[in-house]
Structures are given as C-alpha cells and as structure tokens.
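Enquirer: give me coordinates for this.
(chains A and B)
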Amino acid sequence: MHLVRSFSFHLYSITLLLWCTSSQGESIHIAVASNFTHTMKALISEFEQNSPHKIKASYGSSGKIYAQIKHGAPFKLFFSADQSKPLALYNEGLTHSKPFTYALGGLALWSNNKHFNGENLESVLLSGEFNKLAIANPKLAPYGIAAIEVLKNMNLVEATRKKWVRGENIAQTYQFVRTENADIGFVAFSQIVRQPFYWKVPSNLYQPIRQDAVLLKHKSEKNGINNKAALDFIQFLNSLKSQAIIQSYGYRTENNAYIELEMSNKNT
Amino acid sequence: MMLSDADIGALWLTLRLATTVTILLLIIGTPIAWWLSKTSSPFKGPVAAIVALPLVLPPTVLGFYLLIAMGPNGFIGELTQSLGLGTLPFTFWGLVFASVIYSMPFVVQPLHNAMEAIGERPLEVAATLRATPFDRFFTIVLPLAKPGFITASILGFAHTVGEFGVILMIGGNIPDETRVVSVQVYDHVESLEYAQAHSLSALLVIFSFVVLLALYATQRKTSNVGMMK
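Expert: Coordinates of the predicted model:
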C-alpha cells in the first residue's frame, strides 16, 4: 500500500516535471565572448536553480560569433566582448533590442615568472627589463585596444613595440604569460582576480571596456518576441544577486542597466 | 584583388617559411626515410609512429605542447637557452622548428615508399660492381626515388603553407616574423574585414589547386612510385 502510494506520488511528480518543462520551461542557446566564460557559467547555474528554463551557452571570440549569427546561428542572446559587434547587428536589424552593457572589464598587468614575485610590475614595465610583453591583438580584442591606450598614456609604445607578442584573444594572451613565454602581459582583470601578483591598471589610463549584449531576432518569430526564457534571463542579469556574481569575477557593473525592446516587428 | 602591405608581407613570410621548412625536411627526412626502408631494428615501428604522429594529433595539442616545451621551463627551451639562442616561441625559427615536426610525415612517407619500391636488386648489382654504399645511394637511390622527392617537396611545402593551428598557438602574430597568411586571413575574418579575407582566401584556394594539379601531373607521368599509401 505504502509502496503504491509512493509510486503514484513519484508518477505525479514526474508528470508535473514534464508538464513544467513542456509548457513553461524553455531551452535557449546563447553565445558568449570567451573572456566572460567563467562568469557566465556561474550566472547560468544560479539562474537555473530558480527557473524552469535552461540556458545552453556557446563560448568563442566575438568576431566568430558575429559571423555565425549573421549566417543564421540559433542564438537568442549574444554577449560580446565589445560594443561594435552588437551595434552592427542592431544596425542590420537583426536584434530585438538596442545593445546594453552587461559588464565593464578591467585591465591588469600580470606575470607568472617567479623572478618578478612581489615586484612592482608597473616599474618592471617602465624599466623595460623583461623579454616579451603579451597583449591581446588590438585589431580583434577590446582588451588589446585598452592595452595600447595604456602604453600610449605611459609613453611606452615605441619603447616596447619590439617586445610585443599578440594573442588572438585575451585567453591566448593569458596563456602566453601563464606558460612564462612572455614575462609580463596585459590580461583581463577577471582572469587573474584570484592570483597574488598583478598591477591593476588605473582606470584613468584607458577607456572603460564596455561589454555589450543584444537580444537577437529570428525569422521564425512572426509576432515580436515570444521567448520568455531570454527575457527572464535578462531580468535576472539586472538583479542585485547576478550583479554581485559579475563583480566577484572582477568586472564592474552599471546598476541602472536596462533594456529597450522593440516589441513591434518593423522589419517583417 | 585588394591586398594590403600587411597581406603581402604575410604572403612573403609564408613562402619563406615553407621554402626553409621544405629544404630542412628534405635534408632531415631523407636519412630517416632511408633508414626506415632498410632497417630491421625493433625501433623501426616506434620511429615510424613518432614521425606519423602529427597526422593524427590536432594542431592545438601539438601547439600547446610546443608552447610549453619551448618555453623557458620546457626541455627544448632550456636547451636553446643554454646554447645562448633564447627561447623559440614568437620567432621565425620557432615556427620553422614547429613546422618541421608538423610537416615531417608528409615528406618522410613518400620518400620511404619510393625508396622501398626500389628493392634490393639494383643495389646488390651495383655492389657487385664495387660501388661503395655512398656511391650506391647517390647514383641509384636518389635518381630512382626522384618521383618520391618531388611528391615529398610539394606536399611538405603545401602543408606548411596551410598550417594554422600550431602557428596560432606559438606565433604571437608578429608582422614579418610570425604572422603568416593563414593567421592574416583569420585576423581579417575576426575583425569583420570580409573583403580582404576573400582576396587572400581566394589566392590560397587557387594556389592549393595548382599545387595539387602539379602533384597529380607528376604522378601520372612517373608510374606509381612515390605515391602516398
């Protein structure tokens, strides 16, 4: 008797679960710039605890994601490492929203070489006594643009140019320093926030690295936005809890971040 | 076609890299292939396997290990530093070193096949005519294995031109030093400069087609000696 009751109870909960996932819970794909990988994983696991929706994230360079979106990739949200790519998608009419800033990245000068342990890395940079200086490729990565800005403001561009090695993205730049092939390198503060030795570059030396996101439009969506999961996730990102998570990974946030949605369907 | 100075620089660098690597590989690969075709040593299997390894390994694996091994704390890095050469990543010669390893099977295997196809008999006949091993190698093996050498050179050269993953991992994208064509195309695509990416990519497609056409033309002319297995 007891067994039967517990079995029917299980059946009931399974039915409930199925009903929830079929009628309420949605599963959506989002695309995220690689520098935000760890943060996004933490955000998604927090979000999914209190939501019927599932978020499936793909991580990659913003340029590649942009090209994929333009060719019909099934992403609902795009978290870029910069502002230009979300803006381009917006201008091309491929989005439901204007771009909004979800995080502001910081720059740090980092070394993994024991030789520089405890030393002031700013003076190491000024002294020129290092083998290579790793930076993200400024043509591709906003963290690279910021690094060049810092060098300009410190009048070190010409003095250090011969020692530059460029990572294709900030993850590869980190790798060059991590494997000690480059003595020092400008990496994202979020990558080394738990490391002991770094110089956090003062924010007056470069323009803030604004990372923007957009809600993407799909041809199948005839009547405006019908994606509750994406909207819920955006709302979650504006909560104090997720802002605290983002900050714990070394980013700054703007607490008045909001999103303007184009509910009408102008382009169809 | 719209090619910038940077594109042309990348093209020249790629040709310089592929030429250097091909010449080095013919010098290094010939004795290895000769040894593989003659030996009955128990090391034959392991050596052949090591030579063929880059065929199987993803370039990211090779690049990752080379970055660590050639770094200041890696065994290759310690060796080059003790020789006063510094470390290899981010230099032209670092790319040469990596490409020699990466393209090795494309040179050694055609040479090995061509040399094996010669067989024992011509060499034994030459030996009865008092040809020294040295003579036999230069007057019999080299001419008879010529199609194999042509195939090996073309494949080694073309494969180095097409290299991307390894160079991306250890190159550091330095103009005229490590920024080869494939990396330049990648840069164009990543920064949304699709027109420039098209020009360079189209050039590479044409180049690859011509190279393969030349390869199959030489193979048709000269029996099937030196064909890849």
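Enquirer: can we go C-alpha only for contacts and neighbour counts from here?
Expert: OK.
Enquirer: ok, so what distance separates the most centrally placed residue in chain A from chain B?
Expert: Computing the C-alpha centroid of chain A and ranking residues by CA atoms, centre = their mean puts residue A:36 first, at 3.0 Å. Distance of residue A:36 to chain B, given as CA to the nearest CA, to the nearest Å: 18 Å.
Enquirer: pretty sure that residue belongs to a strand, no?
Expert: No - Residue A:36: not assigned to a strand; according to DSSP: H, G, I helix; E, B strand; the rest coil it is helix.
Enquirer: give the contact list for it.
Expert: residue A:81 (CA atoms under 8 Å, 6 or more residues apart in numbering or on different chains).
Enquirer: roughly how far does it sit from residue B:180?
Expert: If you measure residue A:36 against residue B:180 using CA to CA, to the nearest Å, the figure is 29 Å.
Enquirer: cool, residue A:153 as well?
Expert: 31 Å.
Enquirer: what's the neighbour count on the residue lying closest to residue A:188 once chain neighbours are set aside?
Expert: Using CA to CA, 6 or more residues apart in numbering or on different chains and skipping the chain neighbours, the partner closest in space to residue A:188 is residue A:107 (4.9 Å). By the measure other CA atoms under 10 Å in any protein chain shown, the count of residues near residue A:107 is 28.
Enquirer: tell me what the biggest helix by length in chain B is packed against?
Expert: Longest helix in chain B, counting residues (DSSP state H): helix B:5-38. Taking 3 or more CA pairs under 8 Å, 6 or more residues apart in numbering or on different chains; DSSP states H and E as contact, the helices and strands that helix B:5-38 lies on are helix B:92-118, helix B:146-161, helix B:181-190.
Enquirer: nearest spatial neighbour of residue A:171, chain-adjacent residues omitted?
Expert: Distances taken as CA to CA, 6+ apart put residue A:35 closest to residue A:171, at 6.8 Å, once the chain neighbours are dropped.
Enquirer: from what I can see the one you found touches residue A:170, true?
Expert: Yes - between residue A:35 and residue A:170 there is a contact under CA atoms under 8 Å: 6.7 Å.
Enquirer: can you check which residues contact both of the two?
Expert: Common neighbours of residue A:35 and residue A:170 (CA under 8 Å, 6+ apart) are residue A:188.
Enquirer: looking at the two, which is more packed in?
Expert: Comparing residue A:35 with residue A:170 by other CA under 10 Å, the one with more neighbours is residue A:170, at 27 against 23.
Enquirer: spell out which parts of chain A neighbour chain B.
Expert: Counting by CA under 8 Å from any CA of the partner chain, the positions of chain A adjacent to chain B are A:61-64, A:67, A:139-140, A:164-168, A:172, A:179-181.
Enquirer: narrow these to those that are buried.
Expert: A:61-63, A:67, A:139-140, A:164-168, A:172, A:179-181 (16 or more other CA atoms under 10 Å in any protein chain shown).
Enquirer: which ones among the residues you listed lie within strands?
Expert: A:164, A:165, A:166, A:167 (DSSP state E).
Enquirer: can you list those residues in a markdown table and add pLDDT?
Expert: Formatted as a markdown table, these follow (pLDDT from 0 to 100):
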| residue | pLDDT |
| --- | --- |
| A:164 | 95 |
| A:165 | 95 |
| A:166 | 94 |
| A:167 | 92 |
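Enquirer: redo these as TSV? Include distance to residue B:97.
Expert: Formatted as TSV, these follow (distance: CA to CA, whole Å):
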residue	distance to residue B:97
A:164	21
A:165	18
A:166	20
A:167	20
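Enquirer: residue A:153 and residue B:180: who's more crowded?
Expert: Applying other CA under 10 Å to residue A:153 and residue B:180 shows that residue B:180 carries more neighbours, namely 32 against 13.
Enquirer: can you give the domain ranges for chain A?
Expert: Chain A resolves into domains spanning A:26-104+A:209-248, A:107-205 when parsed by automatic domain parsing.
Enquirer: for residue B:62, find the nearest of those.
Expert: Closest of the domains of chain A to residue B:62 is domain A:107-205, at 14.8 Å (criterion: CA to CA).
Enquirer: in space, what's closest to residue A:199 - neighbours in sequence excluded?
Expert: In space, residue A:199 is closest to residue A:109, 5.0 Å off (CA to CA, 6+ apart).
Enquirer: ok so, going back, nearest to residue B:25, of the domains of chain A?
Expert: domain A:107-205 (26.5 Å).
Enquirer: what about that closest one, how long is it end to end?
Expert: By CA to CA, one end of domain A:107-205 lies 10 Å from the other end.
Enquirer: list phi and psi for residue B:192.
Expert: Main-chain dihedrals, residue B:192, degrees, to the nearest 10: phi 70, psi 20.
Enquirer: and the residue nearest to it when sequence neighbours are not counted, what does it touch?
Expert: Closest residue to residue B:192 apart from its sequence neighbours, by CA to CA, 6+ apart: residue A:63 at 6.8 Å. Applying CA under 8 Å, 6+ apart, we find residue A:63 in contact with A:85, A:140, B:189, B:190, B:191, B:192.
Enquirer: got CSV for these, with distance to residue B:128 and pLDDT too?
Expert: CSV is the format used below for the contacts of residue A:63 (distance: CA to CA, whole Å; pLDDT from 0 to 100):
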residue, distance to residue B:128, pLDDT
A:85, 75, 94
A:140, 67, 86
B:189, 63, 83
B:190, 64, 79
B:191, 67, 77
B:192, 67, 75
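Enquirer: low-confidence ranges in chain A?
Expert: A:1-24, A:219-226, A:255-268 (pLDDT under 70).
Enquirer: so which residues of it form strands?
Expert: Under DSSP E, chain A gives strands at A:27-33, A:54-60, A:75-79, A:100-105, A:107-110, A:133-136, A:164-167, A:184-188, A:198-200, A:209-215.
Enquirer: which one of the ones you listed lies nearest to residue A:239?
Expert: That would be, of the strands of chain A and by CA to CA, strand A:100-105, which comes in at 11.5 Å.
Enquirer: check residue B:221 and give its pLDDT.
Expert: Looking at residue B:221, its pLDDT reads 68.
Enquirer: before we move on, what about the one 3 residues further on?
Expert: Reading off the confidence values, residue B:224 has pLDDT 51.
Enquirer: same deal with residue B:111?
Expert: At residue B:111, the model reports a pLDDT of 96.
Enquirer: what's the neighbour count on it?
Expert: Counted with other CA under 10 Å, residues neighbouring residue B:111 total 35.
Enquirer: apart from its neighbours in sequence, what residue is nearest it?
Expert: The shortest distance from residue B:111 to any non-neighbouring residue, by CA to CA, 6+ apart, is to residue B:148 (5.0 Å).
Enquirer: if I look at the closest residue to residue A:52 other than its chain neighbours, how far off is chain B?
Expert: Among residues not flanking residue A:52 along the chain, residue A:25 sits closest, at 4.5 Å (CA to CA, 6+ apart). Separation of residue A:25 from chain B (CA to the nearest CA): 35 Å.
Enquirer: ok, residue B:208 - contacts?
Expert: residue B:158.
Enquirer: got the phi and psi for it?
Expert: For residue B:208, the backbone dihedrals (degrees, to the nearest 10) come out as phi -60, psi -40.
Enquirer: can you read off the pLDDT for it?
Expert: So, for residue B:208, pLDDT stands at 87.
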